[in-house]
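Colleague: When you get a sec, could you give me coordinates for this:
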Amino acid sequence: MIDLILVAHNIRSIHNVGSLLRTAECLGVKTVYLTGYTPYPKIKNDPRLPHLAKKIDSQMAKTSLEAEKFLNIVPNLTLEECLDELTKQGYSVVGLEQTNSSLNLKDYRASSKTALIVGNERYGLDEEALQLCKQTIEIPIRGKKESLNVVQATAIAIYKLSYL
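Modeller: Below is the predicted model:
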């Protein structure tokens with residue numbers, strides 16, 4: 001099994017973040033970085049206004065079902081700082097995004113230490129994020145729609161990278 005870290009960058013929906021946390025925890029991810037404007041659950045010494053932190057935490061709990069209690073969550077770093085730190089720790093950085101150079105997920109072999117980056121629900125990973133990735137991978141789509149919800153795509157990728 002690989003040491004897999006999830007990086008959720010610029011996710012808008014509090015409920016998607018909660019669902020990502022629950023999915024990651026269920027599939028064995030231990031650490032999740034929440035970068036850009038991705039909302040995050042309440043943390044010790046939370047810098048946000050107390051009523052805002054409480055509201056976001058409460059809304060996130062609807063889909064996370066308290067999975068955040070079992071994860072190491074690192075919020076509020078810039079993506080560049082986050083990936084620089086992970087690279088220094090020996091992680092291979094891979095983005096989940098459809099690009100001209102993406103590898104098919106079924107053909108990608110994760111390194112023993114992999115950081116998987118997922119992006120915005122509508123726009124995916126932006127150009128800056130893509131430049132910071134060592135590689136991009138994509139899930140082959142057979143239907144007429146071009147993409148999956150970020151949570152479903154992340155679940156498929158984590159499962160494949162970790163178990164197959």
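Colleague: what residue is smack in the middle of the chain?
Modeller: In the chain, the centroid-proximal residue (C-alpha atoms, centre = their mean) is Ala8; its distance is 3.1 Å.
Colleague: Backbone dihedrals for it, please?
Modeller: The phi/psi pair for Ala8 (degrees, to the nearest 10) reads phi -100, psi 110.
Colleague: Now do the helix or strand of the chain with the lowest mean pLDDT: which elements does it pack against?
Modeller: The weakest-scoring helix or strand in the chain, judged by mean pLDDT, DSSP states H and E, is strand 72-77 (a mean of 92). Judged by 3 or more C-beta pairs under 8 Å, 6 or more residues apart in numbering; DSSP states H and E, strand 72-77 is in contact with strand 31-35. (Each C-beta comes from the backbone N, C-alpha and C, glycine too.)
Colleague: Not counting the helix or strand following the strand it packs on itself, show me its contacts.
Modeller: Next along the chain after strand 31-35, taking DSSP states H and E as the criterion, comes helix 50-64. Contact with helix 50-64 is made by 14-19, 21-22, 39-42, 46, 48, 68, as judged by C-beta atoms under 8 Å, 6 or more residues apart in numbering.
Colleague: Kindly report the same for stretch 67-82.
Modeller: 7, 9, 18, 21-22, 24-26, 29-36, 38, 40-41, 43, 47, 60, 85, 117, 128-129, 132.
Colleague: To which secondary structure element is Leu4 assigned?
Modeller: Using DSSP H and E, Leu4 falls in strand 3-9.
Colleague: could you point out which element follows that strand?
Modeller: Following strand 3-9 in sequence order, the next helix or strand is helix 14-26 (DSSP H and E).
Colleague: And that following helix, what does it pack against?
Modeller: Judged by 3+ C-beta pairs under 8 Å, 6+ apart, the packing partners of helix 14-26 are strand 3-9, strand 31-35, helix 50-64, helix 150-163.
Colleague: ok, what's across the strand from the residue nearest to Tyr40 when sequence neighbours are not counted?
Modeller: The shortest distance from Tyr40 to any non-neighbouring residue, by C-beta to C-beta, 6 or more residues apart in numbering, is to Pro75 (3.6 Å). Assessed by DSSP bridges, Pro75 has beta-bridge partners Leu34.
Colleague: Now do Pro75: how many residues are near it, please.
Modeller: Pro75 is flanked by 17 other residues according to other C-beta atoms under 10 Å.
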